[in-house]
Structure formats: C-alpha cells, structure tokens
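*Asks:* fold the following, please.
(one chain, ligands or ions: 1)
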Amino acid sequence: MRIGLFGGSFNPIHVGHLIASRAVAEQLCLDRLYLIPASVPPHRTAKSLAAPEHRLAMLRLAVQGEPLFEISDFEIGRAGPSYTILTVEEFGRRLGAQAELFWLIGADSLPELAHWYEAQRLVDACQIVTAARPGHEPDLAQLRSRFSPEQVERLKAGILQTPRIDVSASEIRRRSGEGLSIRYLVPDAVADYITTHGLYKPQ
Ligand code: ATP
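*Replies:* Coordinates of the predicted model:
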C-alpha cells in the first residue's frame, strides 16, 4: 500500500490543496491519501484559525465522492501541538509495515522543514513529497546544513512537477473578510459552508 499523508491548517481547504493532492496521488500511484488538519500548527499563531469542527467539516465536504481521499481527525483529536513525526509514526503503527508513507508539502514549506521537530527522523520515517507552488521554487540550499547528503538526495527525489495553483488560505480569508467572492477558489460546498457559518468575518 502506498499511502499519502497531507497535513495542514486547512483554514480553509482550497483548490490549491486539492489539485496538488490529486496530482501527487496520480504521479505516485497512491492507494489512499489522508488529509490531516492540524489542531494547533506549531509554527503559526491560532489567530483567525477556524474551530477544528469547522475545518474538518469543510474538508469532508471538499472530498465528498472522491474515494481516494480520506479525512483524518488524528491531530485534531490529540492534545497539544501536532508534530508531523508523531503523526507519521502513528500512521505507520496503524497501517503496518507494508504501508509506504509519503508526506506531502508545498514548495513553500520545504525550506521550513529544517526547523521541524525531529526533522531528521521524519525524513527517514517517510518520503517527503514536495508539490509546486507559484512564487516558491523548491529550495534545498538551507537544508544541506541540517540533513545528510543522502537525506538531501531523498528530499530532491521527492520534488514533483505538479500544476501551479496560485491560491492560499490567507487570500481566501482576506477575500471572505472583505465580502469578496471566493467562488472557484474553494469547492462550492465549502464556499456555502463558510457563508452559512459566518466564518472568516472581520473580528
Ligand atoms: P495560509 O495561507 O493560511 O498560510 P495555506 O494556503 O498555505 O495557508 P495550509 O493549510 O497552511 O494552506 O497548507 C498546508 C500545506 O499545503 C502546506 O504544505 C502548503 O505548502 C501546501 N499548500 C497550500 N496551498 C498550496 C498550493 N496552492 N499549492 C501547493 N501546495 C499548497
């Protein structure tokens, strides 16, 4: 089994996440891809972060009818910050030794990887897969001092050519807060959910 794991704030999920997920799943012939919302992203503030129930609900709406994608509330259900290595190890335990694990990130997250908790152990525990993101060329330079040459090679091998979708959750929150349309940036059901629940309005 080839299993993709895609963690993030998903505040909210948008077409950038979904198109990257689809492209990675196809290129790597994944059997399943789990989208895993973080409870408290370790590197970010909790300001303007929608409640976990809302982010989970939007994820579920976004992947409705897509059998390849599954939503995991593993990190949401845990107390404390979500460290990727702990999530990867837990999925490894649950899925067994026959599961090959791929952790998906966008190119903007690649240089940050050096600062992730137990980053070296993480790079050995799964294959990090980097999807393209406009404005962020995958940059390995900052990683060379932190990782071994073999680990840098593994990270390099995980850089994929995927569609470049210039959409971010912060842009969607900004537009929503200003009363601008977010149609086509998120699935229709997610846009309706944001409107119905009054998410991302100015405080
Ligand atoms: P924000 O704008 O609030 O920082 P975001 O749009 O970057 O949010 P996150 O949920 O924080 O979304 O991102 C989760 C993961 O998805 C990260 O690894 C990020 O690099 C990746 N990602 C987000 N948007 C895109 C995109 N448009 N293309 C490729 N990867 C993306």
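*Asks:* give me every residue in this protein lying close to the ligand.
*Replies:* Contact residues, the chain versus the ligand (C-beta under 6 Å from any ligand atom): 8-11, 16-17, 20, 105-106, 108-109, 131, 133, 165, 167-170. Any C-beta I mention is one placed from the backbone N, CA and C, and that applies to glycine too.
*Asks:* give me the helices and strands touching the helix or strand bottoming out on mean pLDDT in the chain, please.
*Replies:* Least confident element among the helices and strands of the chain, by mean pLDDT, DSSP states H and E: helix 74-77 (a mean of 90). Counting contacts by 3 or more C-beta pairs under 8 Å, 6 or more residues apart in numbering; DSSP states H and E, helix 74-77 packs against strand 32-37, helix 52-62, helix 84-95.
*Asks:* so what does the helix or strand that the second one is followed by touch, helix or strand wise?
*Replies:* Following helix 52-62 in sequence order, the next helix or strand is strand 69-71 (DSSP states H and E). Counting contacts by 3+ C-beta pairs under 8 Å, 6+ apart, strand 69-71 is packed against strand 32-37, helix 52-62.
*Asks:* partners of strand 69-71 in the sheet?
*Replies:* strand 32-37 (parallel) (DSSP bridges).
*Asks:* for the strand it pairs with, the distance to its chain's centre please.
*Replies:* 8 Å (C-alpha atoms, centre = their mean, to the nearest Å).
*Asks:* ok, and what's touching that strand?
*Replies:* 1, 3-10, 13, 17, 21, 24-25, 52, 55-56, 59, 63, 68-76, 82, 87, 91, 104 (C-beta atoms under 8 Å, 6 or more residues apart in numbering).
*Asks:* ok, now stretch 85-104?
*Replies:* Against stretch 85-104 from outside (C-beta under 8 Å, 6+ apart): 1-7, 20-21, 24, 28, 30, 33-34, 36, 74-75, 84, 116-118, 121-122, 125-129, 131, 158.
*Asks:* mind running it again at 7 Å?
*Replies:* If you take C-beta atoms under 7 Å, 6 or more residues apart in numbering as the criterion, stretch 85-104 is touched by 1-7, 24, 28, 30, 36, 74-75, 84, 117-118, 121-122, 125-129, 131.
*Asks:* which among those residues end up buried?
*Replies:* Using 16 or more other C-beta atoms under 10 Å as the burial test, the contacts of stretch 85-104 include 3-7, 24, 28, 30, 36, 74-75, 84, 122, 125-129, 131 as buried.
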